[in-house]
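Q: Please find the sequence and the predicted model below.
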Amino acid sequence: MYRSSFSGWERRSSVRVKPQRALDELEEGKVFFPPELVPVLYHPLVREQDQRVINSLLLQRLHVYLDFTADLEQLVVTPVTQLVSRRRSGFELPTAMLRDAYKICTDESWHAQFSDDLQCQLITATGELPEAAGEPYFLTRLGTVKSELEPSMRPLADLFFTVVSETLISSILSGIPKDQRVFTAVRETIADHAEDEGRHHAYFARFFEYAWPQLTPGQQDLVGTLLPEFIVAFLQPDLAATSVVLRATGLGPEAVRGVMEETYPLARVRADMRADSAATLRLLDRQGVFESDKVADSFFRCGLLE
């Protein structure tokens, strides 16, 4: 039985009840982003930079996050939830779940809009443009995966990528709202997002429970082997974006390469991804996804299972 997590949505969702967050001033002693979430800052070649450069790196990391959010919500999640709401997902779903998809469309469009709005405010306040303004890694990887599929299977890729992205628990969403070091407008924006995403997480976990059994065995094998790719695409550090930001500090190509290799060893990246995907992996396990040796092996090869 489907129990909606959107009861009282009109009185709870950020688009209905929260104000547009304003970066009124750059508060003394505040940071744009928690340094602990920018591991390159702890490399000796970066740590020796002056505070102005460090502040710029934190600002640029925030821009990367806001770009990521706007692209994810506007280009992936919203199109999928539009199809779900209009009964075009290919799955039999409860009517209440279809109606809740409309609410998610509204939420996600607002999340993209307020992320873009905060970026515009940051540019005006600091005079710094985003350095890494290209396509984020997750979109590039999703596009590559879809290009290798039969056209008829590509909608399933979009749908289950959305399930993955909405059920992963972001350390950014969970940690920054409580971090008093971070600029108030940034904390409040991310807190608004996190509150809405708690409802979305519950929705897409239930969606997976309805959708997975409706796939044919062949579809389960195909989608099952794509799921670890989607988790990695979402959680793997965007190395290209980070490299662009580092080069803007004046570090040469060899120095940047060294910083990246020493900051993001494969074993550490995989351990972090396993930790961050724990809730999603539990969801998949409950639905018997790993009962297929082929699917389980794909998770082992990506380092998500040990």
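A: That came in fine, so what should we check first?
Q: surely residue 228 meets residue 296?
A: No: contact criterion C-beta atoms under 8 Å: residue 228 and residue 296 do not qualify, at 9.7 Å. The C-beta positions use only the backbone N, C-alpha and C, and glycine is treated the same way.
Q: Those two: who's more crowded?
A: Between residue 228 and residue 296, residue 228 has the larger neighbour count (other C-beta atoms under 10 Å), namely 25 against 16.
Q: what's the more buried one in contact with, if anything?
A: Counting by C-beta atoms under 8 Å, 6 or more residues apart in numbering, residue 228 makes contact with 298-299, 301-302, 304.
Q: Return the members of these classed as buried.
A: Among those, those classed as buried by 16 or more other C-beta atoms under 10 Å are 298-299, 302, 304.
Q: circling back to that earlier point, of the contacts of residue 228, which is the nearest to residue 288?
A: For these, the closest approach to residue 288 (C-beta to C-beta) belongs to residue 299, at 13.5 Å.
Q: Isn't the closest one up against residue 290?
A: Yes: the criterion here is C-beta under 8 Å, and residue 299 meets it with residue 290 at 6.9 Å.
Q: Now do the shared contacts for those two.
A: Residues touching both residue 299 and residue 290 comprise residue 305, with contact defined as C-beta under 8 Å, 6+ apart.
Q: What helices and strands are in contact with the helix or strand hosting residue 175?
A: Using DSSP states H and E, the element containing residue 175 is helix 171-175. Judged by 3 or more C-beta pairs under 8 Å, 6 or more residues apart in numbering; DSSP states H and E, the packing partners of helix 171-175 are helix 184-211.
Q: Going by neighbour count, list what's buried in the helix or strand of the chain with the lowest mean pLDDT.
A: Using mean pLDDT, DSSP states H and E, the weakest-scoring helix or strand in the chain turns out to be helix 171-175, at a mean of 82. Buried residues in helix 171-175, counted by 16+ other C-beta under 10 Å: 172-173.
Q: how about the strands of the stretch 201-306 of the chain, start to end?
A: In the stretch 201-306 of the chain, no strands are defined using DSSP state E, counting those that start in this stretch.
Q: which residue ranges form the helices in it?
A: Ranges of helices within the stretch 201-306 of the chain are 217-235, 239-247, 253-263, 266-276, 278-286, 293-301, based on DSSP state H, counting those that start in this stretch.
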